[in-house]
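Here you go, sequence then predicted model.
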Amino acid sequence: MRQEEQIISTEYSELMQKSFIDYAMSVIIARALPDVRDGLKPVQRRTLYDMYELGIRYDKPYRKCARIVGDTMGKYHPHGDSSIYEALVVMAQDFKKELPLVDGHGNFGSIEGDGAAAMRYTEARLQKITQEAFLADLDKDVVDFVPNFDETEKEPAVLPVKIPNLLVNGSDGIAVGMVTSTPPHNLGEVIDGVIAYIKNPDINTEQMMKYIPGPDFPTGGIVANKDDLLAIYSTGQGKIKVRGKVEVEKGKGGKDKVVITEIPYTMIGANIGKFLNDVYSLVETKKTSDIVDITNQSSKEGIRIVIELRKGADPQKLINLLYKKTKLEDTFGVNMLAVADGRPETLGLVPIIRHHVNFQYELATRKYTTLLKKEQEKKEIQEGLMKACDVIDLIIEILRGSANVKEARACLQDGVTDNIKFKSAQSKKDAAKLRFTERQTTAILEMRLQKLIGLEIEALLKDHEETLKNIAFYEDVLGSRASMAKVIIKELQNYKKEYTKERRTVIDNLEEAVVEEKKIEEIDVVFLMDRFGYAKTIDTNIYERNKETVDSENRYVLTCKNTDKICIFTNKGQMHLLKVLDLPYGKLRDKGTPIDNVSNYNSSEENFVYINNLEAIKGMKLLFGTKTSMVKLVDGAEFDVAKRTTAATKLKEGDEVLFISAVTGSETLVMQSTKDMFLRIEVSTISEQKKVATGIRGMKLDAKDELTGMYLLAPGVNYEVEVKGKKYDLNRLHIGKRDTKGTKK
């Protein structure tokens, strides 16, 4: 019988909400955020585990990265090969990771932003520390294994990491609605902090910072706001100021060199190139005239960016300028967000260590429970074999007298002597007393005769003694938290001794870099802009000598100060401010620069209607007119704003600005429509409004009619227009009332 379809009605908004939450949590937990216990994101964890499973150990040959990536994607991480390879590359880069987890062979990128070679060329294997501290005890049931994406394999839910990797290597990632950014720290200092916590679980952040004073970036540099670190480590959030390390070297001919030997961690990659461009820009914009040359002499040995100064220049003044105007001083945003107990949580320094230590106790408990169980099984077998050696003649008699293994097993385990042939009644009586365990019986039945040699029996006794010692040790560790703490501390101290590096980042309180802005000498210039939107400024004397040529070749010619701003009003109702200082100043025949490049004006989307000097329009009234015949007067002072772009007027849908001009109030305005209707009104009849207003209607238009032109007539000035091949003198139009149809021409 066909089952009837069941239709379930649900609110679309509820369904979307549930689906989005599921998606967001999947990204947060399964992709973007590290687990606080092992400090790894799922892709990193799966890649390392796959390398371990493939046997790509630190003492084995390198294997192609393509093999590692393909195997990881096929078994554990079905999210594309690029994300897996990128994670693998980052784990091998010593300029990004305090403690690289992968040993890369080949081109794995550079600190200057060069990408790694394709995975078919590069090779990799595990680092020794990764094998010892991240993957060593997976065979001892220390962590849970969960099914992979298609339930054909098992993968660890978390790696049994024995060092606080989240703090040592840091982490960064973007999830849905949240970002994680944890700086890297020095391994030795973090281990000291963990040991201090184990000894005193009530330790506070301030006390902890005696062991972990701050981040230790692989690129070195200087942390400049030491006093802010306590608040950052208490809350897990804040901003760390990082500076590059700069040295001054004496050059030839009395010319000093400013040499950058360490860069901020945030400058890794393309930002080094951006820094060089920013330095070039300081020279081009005349922010400094002290720089003669800049070269990037960085190599595998380290960073070395050399800035050569002119003779007599003040190096400290330039260094302050670099800190202030470039990324040589930058901010590292801290947000120590990680997955703790299955949910994302922002954690301070001590809570991260607390989670790590609790995890270590859990790992140790599971490890030593497994080891104890194995040793107890070993002890049971050893005791059985020792007992068997004492009665070996009887056991041989039982085996020779049994018809099959089942009979022999029953006799050894339970003393069942039925159907077994014995040489004597005493042997049968002794055999009935045997009570070996099932495990001991199996060991006896599988025992080789060579085990009866004297030396072998001595070795068995020695092994038994060792087993008893191990059992006592494991029981002590499991029975006493203090004993377990000693074991964990000893292991941590061994890692510190073997793998710790010297601290590279200096932590200090440094004063804010102060730059005395060079005072610009205020001079009169002439602003020029041609019909193509190319603008420049020239000296007033040059303009006076070439006035006629300049006026004929340029659409806008304005006299202003070099410190002024130019207002660009567009047909879209926007006003863009342009600094005169941003324009090239110089020769008459120079082309100039497009105003798109030095302002927010976009020539592909809007056209300029009116351009004037801000200082000039502040004391004027501006007349606005649109295609739908909306007109208004606006006080020019309203356009004295700080924003580079502001709304100059409010427009109705489909409308655009047709006309803007400065007025005195004594002029008349002539409006012309597409249907050749003309209306002349007095400007004084147009009301003054705010720039955010739409305006009032200037001319009543028929349906589908709009204005094509607006003309401002000053007293005593004649103005002619051409309509259908005939010229009309607009001064002869009689003055009408605003909001009327006007006359047909």
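Cool, the structure landed. Residues are numbered from 1 along each chain as shown.

count of neighbours near Gly302?
14 (other Cβ atoms under 10 Å). The way it works is simple: take the backbone N, C-alpha and C, and place the C-beta from them, glycine included.

so what's it up against?
For Gly302, the contacting residues are 261-262, by Cβ atoms under 8 Å, 6 or more residues apart in numbering.

Please work out how many residues are found near Ile191.
By other Cβ under 10 Å, the residues close to Ile191 number 26.

Spit out the contact partners of it.
Counted by Cβ under 8 Å, 6+ apart, Ile191 has contacts 163-164, 492-493, 495-496, 500.

If you rank these by neighbours, which is first?
Pro164 leads the contacts of Ile191 on contacts (other Cβ under 10 Å) with 28 neighbours.

Setting aside sequence neighbours, what's the nearest residue to it?
Leaving aside its sequence neighbours, Pro164 sits nearest to His356 (Cβ to Cβ, 6 or more residues apart in numbering; 4.4 Å).

my guess is the one you found is in a strand, correct?
No: read with DSSP: H, G, I helix; E, B strand; the rest coil, His356 is helix and lies in no strand.

measure it to Tyr474 for me?
23 Å (Cβ to Cβ, to the nearest Å).

okay, these two: which has more neighbours?
A count of neighbours by other Cβ under 10 Å puts His356 above the other of His356 and Tyr474, at 24 against 21.

ok, now which ones touch that one?
When contacts are counted by Cβ under 8 Å, 6+ apart, His356 touches 36-37, 164, 166, 194.

Could you turn the buried ones of the residues you listed into a ChimeraX selection?
Buried members of the contacts of His356, defined by 16 or more other Cβ atoms under 10 Å, are picked up in ChimeraX with:
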select :36,37,164,166,194
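
Please produce TSV containing the contacts of His356, extended by secondary structure.
Formatted as TSV, these follow (three-state DSSP):
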residue	secondary structure
Val36	coil
Arg37	coil
Pro164	coil
Leu166	helix
Val194	helix
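
Looking at the contacts of His356, spot the one nearest Val717.
Leu166 (77.5 Å; Cβ to Cβ).

The closest one against Thr182, yeah?
Yes: at 6.1 Å, Leu166 and Thr182 qualify as touching, with contact defined as Cβ atoms under 8 Å.

Quick check: neighbours shared by these two?
Listed contacts common to Leu166 and Thr182 are 34, 336, 338; contacts here mean Cβ under 8 Å, 6+ apart.

Tabulate the contacts of Ile191 in a markdown table, adding columns for pLDDT and secondary structure.
Formatted as a markdown table, the contacts of Ile191 follow (pLDDT from 0 to 100; DSSP: H, G, I helix; E, B strand; the rest coil):
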| residue | pLDDT | secondary structure |
| --- | --- | --- |
| Ile163 | 95 | coil |
| Pro164 | 95 | coil |
| Leu492 | 96 | helix |
| Gln493 | 96 | helix |
| Tyr495 | 95 | helix |
| Lys496 | 95 | helix |
| Thr500 | 93 | coil |
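
closest to Gly236 among those?
Closest to Gly236 out of the contacts of Ile191 is Pro164 (14.4 Å), distances taken as Cβ to Cβ.

so who does that closest one touch?
Listed by Cβ under 8 Å, 6+ apart, the contact partners of Pro164 are 39, 190-191, 194, 352-353, 356.

Give me the nearest residue to Lys565, chain neighbours excluded.
Sequence neighbours aside, Leu614 is the residue nearest to Lys565 in space, at 4.4 Å (criterion: Cβ to Cβ, 6+ apart).

Could you double-check that the one you found lies in contact with Lys561?
No: Leu614 sits out of contact with Lys561 when judged by Cβ under 8 Å, with a separation of 10.3 Å.

Compare those two (neighbour count), which wins?
Comparing Leu614 with Lys561 by other Cβ under 10 Å, the one with more neighbours is Leu614, at 19 against 15.

Please name the residues that touch the more buried one.
Counted by Cβ under 8 Å, 6+ apart, Leu614 has contacts 564-567, 577, 639-640.

Please tabulate these in CSV, including the columns secondary structure, pLDDT and distance to Val306.
Below are those laid out as CSV (DSSP: H, G, I helix; E, B strand; the rest coil; pLDDT from 0 to 100; distance: Cβ to Cβ, whole Å):
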residue, secondary structure, pLDDT, distance to Val306
Asp564, coil, 92, 39
Lys565, strand, 92, 38
Ile566, strand, 92, 39
Cys567, strand, 93, 44
Leu577, strand, 92, 38
Phe639, helix, 93, 47
Asp640, coil, 91, 45
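
ok, the contacts of His356 vs Leu434, which is closest?
Set against Leu434, the nearest of these by Cβ to Cβ is Arg37 (49.6 Å).

mind listing what the closest one touches?
158, 161, 355-356, 359.

What number of residues are in the vicinity of Glu206?
Neighbours of Glu206 (other Cβ under 10 Å): 11.

coming back round to it: can you check the pLDDT for the residue nearest to Lys565?
Looking at Leu614, its pLDDT reads 90.

Now the two most distant members of the contacts of Ile191.
Longest span within the contacts of Ile191, Cβ to Cβ: Pro164 and Gln493, 14.3 Å.

How is Ile568 assigned, secondary-structure-wise?
Assigned with three-state DSSP, Ile568 falls in the strand class.

Who is it paired with across the strands?
Assessed by DSSP bridges, Ile568 has beta-bridge partners His576, Ile611.
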